[in-house]
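J.: okay, predicted coordinates and the sequence, questions at the end:
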Amino acid sequence: MFYRLSGVHHADYVSDSRIYKVPADRNLAVFILVIGLAAPFIIPSLYLNSYILPWLIWSAAALGLNLVTGWAGQLHLGYAAVMAVGAYSAIHAARFGVPWEFALIIGGLASSVIGSLFAFAALRVKGLYLALTTLAMQFVMDWVLTHSPAITGGSHASLQSPTLALLGQPITSDAGYYYVAFGWCLMVTIFMLNLKRSALGRALVAVREKDYAAAILGVNSFYYKILAFATSSFIAGVSGALLVAAFFFLAAPEQFSVAVSIQVLAMVIVGGLGSIIGTYFGVALILLVPGIVNGIFATTSANLGLQVDVETLAHMPNAVYGALIVIILLIEPLGLGKLYGNIRDYLMIWPFDQFRK
Amino acid sequence: MTLKRHIRTAALAATLTAGALGASAQEKEPIRFGLCFDISKSYSFVSPQVAQAAQDLAMYTNDNGGIGGHPVEIIVRDHGNEPQRGVECYEQLKRDGVFIFYFLSTPVTNAVLPRAMKDQTILMQNFTGRGDAVDGSVFEWVFPIGPSYWQQAANAVSFVKGQLGGDLEGRKIGFIYLDYPFGQEPIEILRTLSKKEGFDLELYPVPLPGSDQSGAWSKIRRDKPDYVISWLLAGGHVVASREMRRNQFPIDRYITSNWLNEVDIVNIGLQEAKGLLRTTNVAGGQDVPIVQTMLETYYAKGKGSGPENLVRDVYYNTGLAILAPGLEAARIAIEKHGSPLTPESMKDGFESIVEFDANGLMAPLTVTAEDHGGGGKTRIEQWDGETWVPLTDWSADYLDVVWEVIKENSSKYE
């Protein structure tokens, strides 16, 4: 009724390899794109620059992690370290006078190189062992950052980012920063949407499901694992650089600590491994909900005139937020993306599904 | 004593209420302080006390007519020590019209600093953030009132010099620190001073969170430094005290930064901690007039902003010392420029603070447009088994050396 389809049925390969198999999905995507483009004019600047902007940049970053974890099936607990490599290389390049376009690419490539080192670990160990190896690499990176004043900028370890400028145009307005983040997130999303239906994407899935079975099929898992790590690291590097250039304006080691790595992984898992729309939901839940719940609690207790002491007020939202994650994962272990998929599939043939029974 | 105390209290009340002109505190636009704290994660050992002190002081100010008739409003939010949420809190409160902020977390302060500089809002940065921000000529909107870690370390060295007969030549000072930016910050200044004064500096890094120090202390046992300066936090001090006992290092040769409170002392053991030294810019204990006032006016009647045991904690005094200069700045601003308070007048208010010690609560502060730190005076206090006993007067030493480092770093901003 809503989707004007009786289900997704393919009659030929062309229809099977379409990005949007349901026209309504495509229309929804176009609608969201238009909203995204018009956002600076319709959304108040507070929400634009302190909620939507970080949401978009983190979504791009989380999509990169989803590539390596969701598609290629390699657990990665050192993603923030890879983002840090990109952020610091890009900022140092920009401070050195390299135009930002190239600085971002330098950041991405530097991340790719370092990130591929993780892949060499992935070639030898799997699963939880890989998770631990990547975690160790995160700690190595933390140590390097806190012990290299030359990289992190002096004894107080904070490095100012030069003003972002693209195509010779300095970017200083809220709308400008937003469009940069939006553009990057859009590029990553389009890449990921296409990855799904390309030979590369299918090879990654084959490696994820069973790497030696993939090898029997003629998929070189060595090559694809490195490729997955390198690509995802490139995305991480540019996202990390943009996060600093367009949101924090200053890089500090704490912004890329082990806690952040775990947070990004949580975004991907809560959102749904291998799900693009789920990643957006996951990022929103992990990144934005704590602040929003906090605000709601503060306003409610103030309006009701409750004398709640500050500690209770700070811990209650955390409890609610934790409960929320548990509940979501209990309802749908495959994450928010799958939850959305379930609703869509139900509505796809509603109300005619009743006749089947 | 009580009479004297009452007179002092009245004097403080007068300072805070000067210019009230009998107007009711509720009629005028409130002066708002946005305190975005980490109450739920890493810094929860200090932020509740600071928040409670701020709320108590605001309540006391309001009960006495506010500042120039304006009530003081304290908004406390949690950011969980995450830079992203700190920025969110800043932007949210900024939209609500707040222009005085305090974050009590170095990562979050660092993340907000470029925004505060651009938006021209007042960023209070006491005890957190980058040390070179005391350079008011570069960081115009940042006010790290109180000593920077650099100045604290320099003052500690100066104390050691005094104890060792005024000569450090050939002596040995150990520095035990958490091996991340907080702990590493004083190293540069200590190195400079070791060259200047000719003492040997031995560094003893300890991995986070400071629970494994056995390697460091056995090295200390071998090196036999005359004093050990410590940049550890909370539980780290307790571990250090155990190691000191095991390695027979006298605890009265152990000087901590200002981050050591009664909870740590109790964990070390009241008697075990006897002799322990602490640099501080805040008078510890409950004999401080303003703390007495809070206890008598509110806590005796059960009307405090939180549990009374948090008041009996030096971080409560620290909290008062953090907010008091802010209130004083607002008072001066309104007196000089009239209402309403604006970021510009508040900045001028801060920069006009002269010899302000909140009635014996802290080291006298003189803030200028050049020095946003207020002079960086500290003193050394010793734990005598029951309370903190000051060993020295408020002073700031090696100012030239410290400022050289400050200037060198601040010149690299941007």
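T.: Nice, I can see it.
J.: all contacts plus neighbour counts: C-alpha atoms, from now on.
T.: Will do.
J.: what is the end-to-end distance of stretch B:115-135?
T.: 18 Å (CA to CA, to the nearest Å).
J.: name the residues of it that come out as buried.
T.: Neighbour-count burial for stretch B:115-135 flags B:115-117, B:120-135 (criterion: 16 or more other CA atoms under 10 Å in any protein chain shown).
J.: elements contacting the helix ranked longest in chain A?
T.: Longest helix in chain A by number of residues, with DSSP state H as the criterion: helix A:100-124. On a contact count with 3 or more CA pairs under 8 Å, 6 or more residues apart in numbering or on different chains; DSSP states H and E, helix A:100-124 meets helix A:79-96, helix A:127-146, strand A:165-166, helix A:221-242.
J.: the same query, at a cut-off of 6 Å, please.
T.: helix A:79-96, helix A:221-242 (3 or more CA pairs under 6 Å, 6 or more residues apart in numbering or on different chains; DSSP states H and E).
J.: what about the closest residue to B:T192 other than its chain neighbours, which helix or strand?
T.: Leaving aside its sequence neighbours, B:T192 sits nearest to B:V401 (CA to CA, 6 or more residues apart in numbering or on different chains; 7.6 Å). Counting by DSSP states H and E, the element that carries B:V401 is helix B:399-410.
J.: in which helix or strand would I find the residue minimising distance to the centre of chain A?
T.: Residue closest to the average C-alpha location in chain A (CA atoms, centre = their mean): A:A62, at 1.6 Å. Assigned by DSSP H and E, A:A62 falls within helix A:53-66.
J.: B:G86 too?
T.: Per DSSP H and E, B:G86 falls inside helix B:83-95.
J.: count the neighbours of the closest residue to A:T133 other than its chain neighbours for me.
T.: The shortest distance from A:T133 to any non-neighbouring residue, by CA to CA, 6+ apart, is to A:A121 (7.0 Å). Using other CA atoms under 10 Å in any protein chain shown, A:A121 is surrounded by 15 other residues.
J.: show me where chain B has its helices.
T.: Going by DSSP H, chain B shows helices at B:2-17, B:47-63, B:83-95, B:106-119, B:149-163, B:181-184, B:187-197, B:214-223, B:235-246, B:262-268, B:289-297, B:314-337, B:343-351, B:399-410.
J.: same question for the stretch 251-357 of chain A.
T.: A:258-271, A:276-283, A:289-303, A:310-331, A:336-349, A:353-356 (DSSP state H, counting those that start in this stretch).
J.: can you list those helices in a markdown table and add distance to chain B and mean neighbour count?
T.: Converted to a markdown table, these look like this (distance: least, CA to the nearest CA, whole Å; neighbours: other CA atoms under 10 Å in any protein chain shown):
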| stretch | distance to chain B | mean neighbour count |
| --- | --- | --- |
| helix A:258-271 | 9 | 24 |
| helix A:276-283 | 13 | 26 |
| helix A:289-303 | 6 | 16 |
| helix A:310-331 | 6 | 16 |
| helix A:336-349 | 22 | 17 |
| helix A:353-356 | 44 | 8 |
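J.: okay, the ones you listed in TSV with distance to B:G269 and mean pLDDT next?
T.: As requested, the helices of the stretch 251-357 of chain A are exported to TSV (distance: least, CA to CA, whole Å; pLDDT from 0 to 100):
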stretch	distance to B:G269	mean pLDDT
helix A:258-271	33	92
helix A:276-283	46	94
helix A:289-303	37	81
helix A:310-331	26	85
helix A:336-349	50	87
helix A:353-356	71	65
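J.: wait, which of those is closest to A:V205?
T.: Among those, helix A:276-283 comes nearest to A:V205, with 14.7 Å by CA to CA.
J.: any idea how far that closest one is from the chain center?
T.: Chain-centre distance of helix A:276-283: 8 Å, with CA atoms, centre = their mean, to the nearest Å.
J.: what angle do that helix and helix A:336-349 make?
T.: Interaxial angle, helix A:276-283 versus helix A:336-349 (axes from the mean of the first three to the mean of the last three CA atoms, to 10 degrees): 130 degrees.
J.: residues in contact with helix A:276-283: which ones?
T.: Residues outside helix A:276-283 that contact it (CA atoms under 6 Å, 6 or more residues apart in numbering or on different chains) are A:59, A:267-268, A:270-272, A:336-337.
J.: and those residues, which is closest to A:F229?
T.: Of all these, A:F229 sits closest to A:V268, with 15.8 Å by CA to CA.
J.: contacts only, for that closest one.
T.: Neighbouring residues of A:V268 by CA under 6 Å, 6+ apart: A:T279.
J.: could you rerun that using 8 Å?
T.: Contact analysis of A:V268 by CA atoms under 8 Å, 6 or more residues apart in numbering or on different chains lists A:62-63, A:65-66, A:70, A:278-279, A:282-283.
J.: looking at the residues you listed, spot the one nearest B:V72.
T.: A:V283 (37.1 Å).
J.: and chain A, which residues reach chain B?
T.: By the rule CA under 8 Å from any CA of the partner chain, the part of chain A lying against chain B is A:46, A:50-51, A:54, A:146-147, A:154-158, A:160-162, A:248-252, A:254-255, A:291, A:294, A:298, A:309-311, A:314-315.
J.: show me what from the stretch 1-150 of chain B comes close to chain A.
T.: Counting by CA under 8 Å from any CA, the stretch 1-150 of chain B comes close to chain A at B:39-40, B:48, B:51, B:76-79, B:82-85, B:87-89, B:91-92, B:95, B:107, B:110-112, B:114, B:129-131.
J.: what does A:F41 show for phi and psi?
T.: Per-residue torsions, A:F41: phi -90, psi -20 (degrees, to the nearest 10).
J.: ok, A:Q169 next?
T.: Dihedral angles (degrees, to the nearest 10) for A:Q169: phi -110, psi 110.
J.: re earlier: among the contacts of A:V268, which two are most distant?
T.: Among the contacts of A:V268, A:G70 and A:V283 lie farthest apart (CA to CA), at 14.8 Å.
J.: and the residues of the stretch 1-150 of chain B next to chain A, which of them are buried?
T.: B:39-40, B:48, B:51, B:76-79, B:82-85, B:87-89, B:91-92, B:107, B:110-112, B:114, B:129-131.
J.: picking that back up, which of the contacts of A:V268 sits closest to A:M187?
T.: A:L63 (11.0 Å).
J.: dump the residue contacts of that closest one.
T.: By CA under 8 Å, 6+ apart, the neighbours of A:L63 are A:188-189, A:192, A:268, A:276, A:279.
J.: ok, and the closest non-adjacent residue to residue 239?
T.: Because you didn't say which chain, this covers chain A. That would be A:A61: by CA to CA, 6+ apart, it lies 5.5 Å from A:S239.
J.: hmm, I had chain B in mind actually
T.: Closest residue in space to B:V239, ignoring its immediate chain neighbours: B:S211 at 6.1 Å, by CA to CA, 6+ apart.
J.: quick check: domain ranges of the chain?
T.: All of this refers to chain A. Following automatic domain parsing, chain A resolves into domains at A:36-257, A:275-357.
J.: wait, chain B was what I had in mind.
T.: Domain assignment for chain B, taken from automatic domain parsing, gives B:3-147+B:284-376, B:150-280+B:380-397+B:405-410.
J.: for A:S275, which non-adjacent residue is spatially closest?
T.: Among residues not flanking A:S275 along the chain, A:G337 sits closest, at 5.8 Å (CA to CA, 6+ apart).
J.: hmm, the one you found is touching A:G271, no?
T.: Yes: A:G337 lies in contact with A:G271 (CA atoms under 8 Å); the separation is 5.5 Å.
J.: close to chain A: what parts of the stretch 251-400 of chain B are there?
T.: So the stretch 251-400 of chain B meets chain A at B:305-306 (CA under 8 Å from any CA).
J.: give me the residue from the stretch 251-400 of chain B nearest chain A.
T.: Going by CA to the nearest CA, chain A is nearest to B:G306 of the stretch 251-400 of chain B, at 6.4 Å.
J.: let's see the pLDDT reported for the closest residue to B:I406 other than its chain neighbours.
T.: Leaving aside its chain neighbours, B:I406 sits nearest to B:D132 (4.7 Å; criterion: CA to CA, 6+ apart). pLDDT, B:D132: 85.
J.: what's the weakest-modelled helix or strand in chain B?
T.: Least confident helix or strand, chain B: helix B:2-17 with a mean of 52, by mean pLDDT, DSSP states H and E.
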